[in-house]
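1. Using only what follows, build the 3D model:
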Amino acid sequence: MSKRKLRVGVLFGGRSVEHEVSLVSAASVIKNLDRKKYQVVPIGVAKSGEWIIGSKSLDYLKNGKVITKNLRGFLVPEPWKRGARTLKSLSQINSKVDVIFSVLHGTFGEDGTVQGLLELASIPYVGTGVLGSVVGMDKIIQKEIFNACQIPTPKFIYFTTLDKNNKKIISKVLKIINFPCFVKPANLGSSVGISKVYNKKQLKPAIRLAFKYDRRLIIEKSIERAMEIECAVLGNDKPKASIAGQIMPSGEFYDYDAKYVDGKSKTIIPAPLPKKIMLRVRQLAVQAFKALDLSGMARVDFLVQKNPWRIYINEVNTIPGFTSISMYPKLWQASGLPYSKLLEVLIKLALERFQEKSKLHTSYQPKEKWYK
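-> Coordinates of the predicted model:
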């Protein structure tokens, strides 16, 4: 076992607004996995929910090609089937994998759904488990936990679709948050559906936009004149934090276009922070990682003010971007861990966690067979 190559299934695409980002992350991961140690099995999920397996997967999804039956997935729950099924062409595909490296960003990938499927299938996978994925994706729940753990985060309020009465929301914003503020879907990524709001007039369209993507929204106080700082965390029960970096977005905040499209945003690694503040950012990153029961990897995003120095955690990302310009691998590169070695460590952590969980008892023998 130790001599043969590990079969690594790289899972990408997905039914998410971050589908395209995931494809770019997957291309980088596939390119940088050491072929002397790993055999790569690309596994794509189309926007429609179809699964495609094999070397053509990435190309098919990138170019929007029709997925032929001989490339379709097997024993995979598809959204319209409400169950699992096999394919006649199953024998044509050597589908067994030793570990899954998922870069399914966002909905149906980063929110605990795929993690639950992999747990049921008893397949080791890179990254956080079901619980950590759920709370890491849900901005409301994670911030409630931050408050309970006394981890500083911007003041916030939240609403559901039952609260769509704009007057009620506006009244609470004026009373508790005030302007400027950010309106966000509770569960989403890559800054999709997010608006920065300066007055009552802008609030209504921002609310409508956020509710397009989620049944719950969060409204946060804007931390003005703050540096956008990111820190990468790696590990299971003994996580470590990288040095922190600064994002200098091309727009007013780090939205989707600033992250991926216009190519004008800049990064500074390490961030221009005093040693004491850098250390505190790293400490808080690890503290947040542990508070949310994360494992494997996470990127922790901060808002840092100076004169006087104040540090706020904005959010965590449990499946951070792995593109060539993504901060998570760049931060570890600057901390002395190259991209390919980072992938190796993440796979090792996934296998270690799986082996540890495999030792747990999953059955119990009662004194009497009372159930018969």
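2. Next, the buried residues of stretch 306-316.
-> By 16 or more other Cβ atoms under 10 Å, the buried positions in stretch 306-316 come out as 311-316. The C-beta positions use only the backbone N, C-alpha and C, and glycine is treated the same way.
3. Need the contact partners of that stretch.
-> For stretch 306-316, the surrounding residues in contact (Cβ atoms under 8 Å, 6 or more residues apart in numbering) are 136, 139, 142, 146, 151-154, 223, 226-227, 274, 277, 280-281, 284, 288-289, 292, 294, 298-304.
4. Average pLDDT for that stretch, rounded please.
-> Mean pLDDT, computed over stretch 306-316, is 96.
5. thinking again about what came up before, which one of the buried residues of stretch 306-316 is nearest G54?
-> Distance to G54 across the buried residues of stretch 306-316 (Cβ to Cβ) is lowest for V316, with 33.1 Å.
6. which SS class is that closest one?
-> Under the three-state scheme (DSSP: H, G, I helix; E, B strand; the rest coil), the conformation of V316 reads as strand.
7. before we move on, what about the one 4 residues further on?
-> Under the three-state scheme (three-state DSSP), P320 adopts coil.
8. Now it: phi and psi?
-> P320 adopts backbone torsions of phi -70, psi 160, taken as degrees, to the nearest 10.
9. in stretch 125-145, what counts as buried?
-> Result for stretch 125-145 [16+ other Cβ under 10 Å]: buried residues 125-130, 132-143, 145.
10. got a list of what I277 touches?
-> With Cβ under 8 Å, 6+ apart, I277 has these contacts: 304, 309, 311.
11. That one should be in a helix, yeah?
-> Yes. Assessed by three-state DSSP, I277 belongs to a helix.
12. so I176 touches K155, yeah?
-> Yes. In terms of Cβ atoms under 8 Å, I176 counts as a neighbour of K155; the distance is 7.1 Å.
13. Put the alpha carbons of the helix or strand hosting Q355 into CSV.
-> Per DSSP states H and E: Q355 is located in helix 339-358. Taking C-alpha atoms only, helix 339-358 is exported to CSV below (Å, rounded to 0.1, in the frame of the first residue of the first chain):
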residue,chain,number,x,y,z
TYR,A,339,2.1,24.6,-3.3
SER,A,340,2.8,20.9,-4.1
LYS,A,341,4.0,20.2,-0.5
LEU,A,342,0.9,22.0,0.8
LEU,A,343,-1.3,19.5,-1.2
GLU,A,344,0.7,16.6,0.2
VAL,A,345,0.2,17.8,3.8
LEU,A,346,-3.5,18.3,3.3
ILE,A,347,-3.9,14.8,1.9
LYS,A,348,-1.9,13.4,4.9
LEU,A,349,-4.2,15.3,7.3
ALA,A,350,-7.3,13.9,5.6
LEU,A,351,-6.0,10.3,5.9
GLU,A,352,-5.0,10.9,9.6
ARG,A,353,-8.4,12.2,10.5
PHE,A,354,-10.2,9.3,8.6
GLN,A,355,-8.0,6.7,10.5
GLU,A,356,-8.8,8.4,13.8
LYS,A,357,-12.6,8.4,13.1
SER,A,358,-12.4,4.8,11.9
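14. what does that helix contact?
-> Residues contacting helix 339-358 (Cβ under 8 Å, 6+ apart): 6, 8, 28-29, 32-34, 37-38, 98-101, 124-127, 129, 234-236, 295-297, 329, 332-333, 337.
15. quick one: which of these sit in strands?
-> 6, 8, 38, 99-101, 234-235, 296-297 (DSSP state E).
16. what's the closest of these to I269?
-> Looking across the ones in strands among the contacts of helix 339-358 and measuring by Cβ to Cβ, the closest to I269 is L234, at 15.8 Å.
17. And the closest one, how close does it get to E228?
-> 21 Å (Cβ to Cβ, to the nearest Å).
18. separation between G116 and F108?
-> 11 Å.
19. per-residue pLDDT, T161?
-> Looking at T161, its pLDDT is 81.
20. Test my guess that it contacts R215.
-> Yes. Applying Cβ under 8 Å as the test, T161 and R215 come out as touching, 4.8 Å apart.
21. what's the pLDDT at R85?
-> R85 is assigned 45 on the pLDDT scale.
22. Reformat the ones in strands among the contacts of helix 339-358 as CSV; add neighbour count, pLDDT and distance to S22.
-> Converted to CSV, those look like this (neighbours: other Cβ atoms under 10 Å; pLDDT from 0 to 100; distance: Cβ to Cβ, whole Å):
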residue, neighbour count, pLDDT, distance to S22
L6, 17, 94, 22
V8, 25, 94, 16
Y38, 20, 97, 20
V99, 20, 92, 18
I100, 24, 93, 14
F101, 26, 97, 12
L234, 21, 98, 20
G235, 19, 98, 24
G296, 25, 98, 17
M297, 27, 98, 15
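23. and P320, what is it in contact with?
-> 232, 297-299, 326-328.
24. between the residues you listed, which is closest to I67?
-> Distances from I67 to the contacts of P320, taken by Cβ to Cβ, are shortest for S326, at 27.2 Å.
25. who touches the closest one in this structure?
-> Residues in contact with S326 (Cβ under 8 Å, 6+ apart) are 25, 28, 320.
26. Good, we can wrap up now.
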